[in-house]
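1. Dropping a prediction and its sequence here:
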Amino acid sequence: MPQLRIAAAQVNTRVGDLSGNADLIVEWTRKAAEQGAHLVVFPEMALTGYPVEDLALRESFTDASKATLASLATRLADSGCGALAVYVGYLDADEVGPRNAAAVLHEGRVAATQFKHHLPNYGVFDERRYYKPGQTLDIIQLHGVEVGMVICEDLWQDGGPITALGQAGVDLVVSPNASPYEKNKDDQRLPLVARRAAEAGAPLVYLNLIGGQDELVFDGDSIIVSADGSVVTRAPQFVEHMLVTDMWFPGGRQRHAGQVGEFTVRRVALSADPLPAYEPLPLPPVAEPLPEEAEVWFALVTGLRDYVHKNGFRSVTFGMSGGIDSAVVAALAADALGGSAVYGVSMPSSYSTEHSKDDAADLAKRIGSHYDVQPIGAMVDVFVNQLGLTGLAEENVQARCRGVTLMGLSNQYGHLVLATGNKTELAVGYSTIYGDAVGGFAPIKDVPKTLVWQLARWRNAEAEKLGEIPPIPENSITKPPSAELRPGQLDTDSLPDYELLDDILDDYVESDRGRSDLLAQGFAAEVIDKVLTMVDRAEYKRRQYPPGTKISVKGFGRDRRLPITSGWREG
C-alpha cells in the first residue's frame with residue numbers, strides 16, 4: 001500500500017512581495033523536508049499574495065511572477081528540497097489571458113501547472129475581471145500515489161474539477177485556498193471538505209492562507225480528511241502552522257487521462273515506485289475552532305497587525321476618549337502591536353466629562369500604552385468665533401479639530417492614525433467626515449455596536465482567567481455612550497436603542513431586506529423610516545471612510561456597492 005508524508009504549510013504572505021514570499025516558501029519547505037515530508041502544499045497564489053487585484057493586468061508583474069516561480073524551483077533544489085513535490089500558487093498568463101495558477105515544483109523544474117476553473121465573482125471577489133478559467137487538470141504521480149488538485153473556488157462550487165478528478169481516478173486531492181474569514185465560516189468548511197472528499201473518492205488536503213490583506217483577513221483553519229470525510233488533523237486559526245501527517249493509499253482505482261467531461265486530464269509521472277515502508281510520525285493534534293468572540297477578536301487583531309506591519313508602520317495613534325469604541329480599539333492595538341507601540345491621545349473640549357478623561361488615563365495604564373493630553377478648546381474657539389458657528393456646525397468642528405490634531409501627530413512622528421468608529425455608526429452616518437472619520441485604518445469598521453460591548457466583556461473575562469488586569473475599564477463598558485459634543489449629549493438623543501438599531505441594520509444591510517420585509521418582522525414604521533433614511537443618506541461618508549477588517553458576510557466596501565447619487569428610497 002503506497003505511503004506518503006504530506007505537509008500543509010499555512011503561511012502569511014504579502015501581496016506583491018515576490019522575493020519575500022519566495023523566501024517564505026523556501027523556509028517552510030525546508031521545515032517540511034526536515035520532518036521527512038514528500039509533498040508540500042502552499043496556499044492559493046502564495047508566491048504573489050492574494051488578492052493581487054489589478055496587478056493581475058500588469059504584464060510586468062505577471063512576467064516577474066513567472067520568472068520568480070522558475071527561479072524558486074531552482075532554489076528549492078539547491079537547498080536540498082528538490083525531491084519534494086511542492087505545490088505553489090502564482091500568477092500566470094498565456095495567449096488567452098491572465099491565470100490564477102498553481103504549479104508543482106520538483107527536482108529544480110516546474111513539473112506541472114494547473115489553472116483555476118471556477119472564478120468567483122461575488123462579495124469581495126472580482127476574479128472574472130482578471131482571470132480566464134482553466135480547462136486542464138494535471139495529476140501527478142509521486143512515489144506511486146496519484147495526486148490531483150483543485151484551487152479554492154473549484155472546491156467550493158458543485159461539479160467542475162472535483163467531479164472530474166473523481167471520474168479520472170486519484171488517490172489524493174490537494175486544495176490550496178485563499179478563503180477570507182467571516183464569522184462562523186469554520187462551520188461550513190468541514191462539511192464541505194468531507195463532502196468533496198467523498199465525491200473524489202480520495203483523502204483531501206484543504207490548505208488555507210492566514211494573515212491580513214487590506215480589509216480581508218484569512219484565518220487558516222486548514223483541514224486534512226480521509227476519503228470517508230473523517231478528520232485526520234486540523235490546523236489552528238490565525239497562526240502560521242504546518243500540518244505534517246502520513247497517509248496510506250489503497251491504489252487499484254481505474255485511472256483515465258485525456259478528456260474527462262469538460263476537462264483535459266494530463267498525468268505527469270514524477271516517481272512511479274512506492275516508497276519502502278517507513279515509521280509514521282505521531283498523528284498531529286486536531287485544533288478545535290475558536291469560540292465566536294475569540295474568533296472575531298483574533299481576526300481583528302490579525303487584520304490590524306498585518307495592515308500596520310505590511311505597510312511599514314511601527315506605531316498607531318487615535319483619540320482615546322474613554323468611550324467603549326476607543327477602548328476596544330486600544331485593547332486590540334495593544335494585543336496586535338504591544339502597548340509600547342500604541343499612542344493614545346485625549347483631546348478634551350469644554351464638553352468633555354471628567355470621568356471620560358479619567359477612563360482614558362486608566363485605559364492607557366492598563367494596556368501599557370503612551371498617553372498624551374492635547375486640549376482642543378482653544379482651536380475650537382478660533383473656528384467658532386471667526387466663522388460664527390452654532391449647533392451642528394459647532395459640534396462637528398470639535399471632531400474636526402481632533403482629526404487635524406491626530407493627523408498632525410501622525411505626520412510628525414510617523415504613527416498610523418486609527419479611526420475608532422463601529423459598523424453601526426458607519427451605517428447610519430453617525431460620524432463626522434474629516435473628523436472622527438480620519439485615519440489610515442478602522443479596526444472595528446465591520447463590528448456592530450452591540451458586538452463591540454460583547455467583545456469588551458469577553459476580552460476582560462479572558463484577562464481575568466489568566467490572572468491579568470482586564471484591559472478595558474468597567475466604566476467604559478457600562479456608561480451610556482456619548483460623543484460629548486454638547487452638554488449632556490447621549491447617542492440615544494439621535495439614534496434608536498443600539499439593540500434595536502443593530503437588529504434593523506442586520507436585516508437591511510446584511511440581508512438586503514426592504515421596508516415591507518422589515519414591517520413584516522414587526523419593527524415600527526417610524527423607526528424603519530428613520531433608520532433607512534440615515535443609512536441611504538450616509539453612503540458618501542462610507543465611501544470616504546478608511547479600510548477596516550471584514551468579519552461579516554457583508555462589510556461596507558467591496559461587499560456592498562451602492563451608488564452615492566441615487567433617487568431610490570425604500571417605502
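-> Good, I have the coordinates. Everything numeric here is computed off the predicted structure, so don't read it as measured data.
2. Sticking with the residue nearest to the spatial centre of the chain, tell me its helix or strand.
-> Centroid-nearest residue in the chain: residue 217, 1.0 Å away (criterion: Cα atoms, centre = their mean). Here residue 217, judged by DSSP states H and E, is contained in strand 216-219.
3. Let me know the average pLDDT across that strand.
-> What strand 216-219 shows for mean pLDDT is 96.
4. where do the strands sit along the stretch 251-400 of the chain?
-> 258-260, 263-269, 316-319, 342-346, 370-373 (DSSP state E, counting those that start in this stretch).
5. centre of the chain versus the last one, how much separation?
-> I take that to be strand 370-373. Centroid separation for strand 370-373 versus its chain: 31 Å, with Cα atoms, centre = their mean, to the nearest Å.
6. Okay, buried residues for it please.
-> 370, 371 (16 or more other Cβ atoms under 10 Å). C-beta coordinates here come from the backbone N, C-alpha and C atoms, glycine included.
7. Direction included, what does it pair against?
-> strand 342-346 (parallel) (DSSP bridges).
8. Relative to residue 517, how far out is residue 445?
-> Going from residue 445 to residue 517 by Cβ to Cβ, to the nearest Å gives 26 Å.
9. Of these two, give the one with the bigger neighbour count.
-> Neighbour totals were compared for residue 445 and residue 517, and residue 445 leads with 27 against 15 (other Cβ atoms under 10 Å).
10. how many other residues sit next to the closest residue in space to the more buried one that isn't next to it in sequence?
-> Excluding the flanking residues, the one nearest residue 445 by Cβ to Cβ, 6 or more residues apart in numbering is residue 548, at 2.7 Å. For residue 548, the neighbour count with other Cβ under 10 Å is 29.
11. what does residue 229 give?
-> Using other Cβ under 10 Å: residue 229 sits among 16 other residues.
12. Tell me where the stretch 51-200 of the chain has helices.
-> 59-76, 127-130, 153-156, 161-168, 186-200 (DSSP state H, counting those that start in this stretch).
13. Output the third one in PDB with nothing but the alpha carbons.
-> Output in PDB follows, covering the C-alpha atoms of helix 153-156 (Å, rounded to 0.1, in the frame of the first residue of the first chain):
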ATOM      1  CA  GLU A 153     -13.400  28.000  -5.500                       C
ATOM      2  CA  ASP A 154     -13.100  24.800  -7.500                       C
ATOM      3  CA  LEU A 155     -13.700  23.100  -4.200                       C
ATOM      4  CA  TRP A 156     -16.500  25.300  -3.000                       C
END
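14. quick one: contacts of that helix?
-> Outside helix 153-156, the residues that touch it by Cβ atoms under 8 Å, 6 or more residues apart in numbering are 116-120, 127, 160-162, 175, 177, 179, 192-193, 196, 206.
15. can we see that at 10 Å?
-> Contacts of helix 153-156 from elsewhere in the structure, counted by Cβ atoms under 10 Å, 6 or more residues apart in numbering, are 44, 100, 114-121, 125, 127, 133-134, 137, 149-150, 160-162, 164-165, 173, 175-179, 188-189, 192-193, 195-196, 200, 204, 206.
16. Give me the mean pLDDT for it.
-> Mean predicted lDDT for helix 153-156 stands at 90.
17. With the longest one instead?
-> When the per-residue pLDDT values of helix 59-76 are averaged, the result is 97.
18. Could you list every helix and strand that it packs against?
-> Applying 3 or more Cβ pairs under 10 Å, 6 or more residues apart in numbering; DSSP states H and E, one finds that helix 59-76 contacts helix 18-34, strand 85-93, strand 98-106, strand 109-115.
19. likewise the fourth one?
-> Of the remaining helices and strands, those touching helix 161-168 by 3+ Cβ pairs under 10 Å, 6+ apart are strand 136-142, strand 145-149, helix 153-156, strand 172-177, helix 186-200, strand 258-260, strand 263-269.
20. next one: stretch 68-86 to chain centre, how far?
-> Centroid separation for stretch 68-86 versus its chain: 29 Å, with Cα atoms, centre = their mean.
21. Ends of that stretch, what's the gap?
-> One end of stretch 68-86 sits 15 Å from the other (Cα to Cα, to the nearest Å).
22. got the buried residues for that stretch?
-> Quick answer for stretch 68-86 (16+ other Cβ under 10 Å): 68, 69, 72, 73, 75, 76, 77, 81, 82, 84, 85, 86.
23. What mean pLDDT does stretch 113-130 get?
-> 88.
24. Residue 220 and residue 240 touch, don't they?
-> Yes. Residue 220 is in contact with residue 240 according to Cβ atoms under 10 Å; the separation is 8.0 Å.
25. shared neighbours of those two, anything?
-> 10, 11, 12, 210, 211.
26. The residues you listed into a markdown table, with extra columns for distance to residue 470 and neighbour count?
-> As requested, these are exported to a markdown table (distance: Cβ to Cβ, whole Å; neighbours: other Cβ atoms under 10 Å):
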| residue | distance to residue 470 | neighbour count |
| --- | --- | --- |
| 10 | 31 | 28 |
| 11 | 33 | 20 |
| 12 | 29 | 23 |
| 210 | 28 | 26 |
| 211 | 28 | 27 |
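27. So which of the residues you listed sit within strands?
-> Assignment to strands by DSSP state E places the following of those there: 10, 210, 211.
28. In a markdown table: these, plus pLDDT and distance to residue 428.
-> A markdown table is the format used below for those (pLDDT from 0 to 100; distance: Cβ to Cβ, whole Å):
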| residue | pLDDT | distance to residue 428 |
| --- | --- | --- |
| 10 | 97 | 38 |
| 210 | 97 | 33 |
| 211 | 97 | 32 |
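29. List the buried residues in the longest helix along the chain.
-> Looking across the chain with DSSP state H, the single longest helix is helix 391-413. Judged by neighbour count (16+ other Cβ under 10 Å), helix 391-413 contains these buried residues: 394-403, 405-407, 409-410.
30. what do you get for stretch 118-131?
-> Buried, per 16+ other Cβ under 10 Å, within stretch 118-131: 118, 119, 120, 124, 125, 126, 127, 130, 131.
31. and residue 41, bridged to which residues?
-> residue 8, residue 87.
32. so it touches residue 102, yeah?
-> Yes. At 9.1 Å, residue 41 counts as touching residue 102 under the criterion of Cβ under 10 Å.
33. Poorly predicted segments of the chain, please.
-> Applying pLDDT under 70 to the chain flags the ranges 252, 351-356, 482-489, 491, 493, 571.
34. Who are the packing partners of the strand holding residue 217?
-> Applying 3+ Cβ pairs under 10 Å, 6+ apart, we find strand 216-219 packed against strand 210-213, helix 292-310.
35. Centre of the chain to the longest one, how far?
-> So that's helix 292-310. On Cα atoms, centre = their mean, the centre of helix 292-310 falls 8 Å from that of its chain.
36. Would you mind listing the buried residues in that helix?
-> Buried residues in helix 292-310 (16+ other Cβ under 10 Å): 293-308, 310.
37. any chance of the buried residues of stretch 68-86 in JSON lines, plus distance to residue 30?
-> What follows is these, written out as JSON lines (distance: Cβ to Cβ, whole Å):
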{"residue": "68", "distance to residue 30": "18"}
{"residue": "69", "distance to residue 30": "18"}
{"residue": "72", "distance to residue 30": "13"}
{"residue": "73", "distance to residue 30": "15"}
{"residue": "75", "distance to residue 30": "11"}
{"residue": "76", "distance to residue 30": "9"}
{"residue": "77", "distance to residue 30": "12"}
{"residue": "81", "distance to residue 30": "6"}
{"residue": "82", "distance to residue 30": "12"}
{"residue": "84", "distance to residue 30": "10"}
{"residue": "85", "distance to residue 30": "15"}
{"residue": "86", "distance to residue 30": "11"}
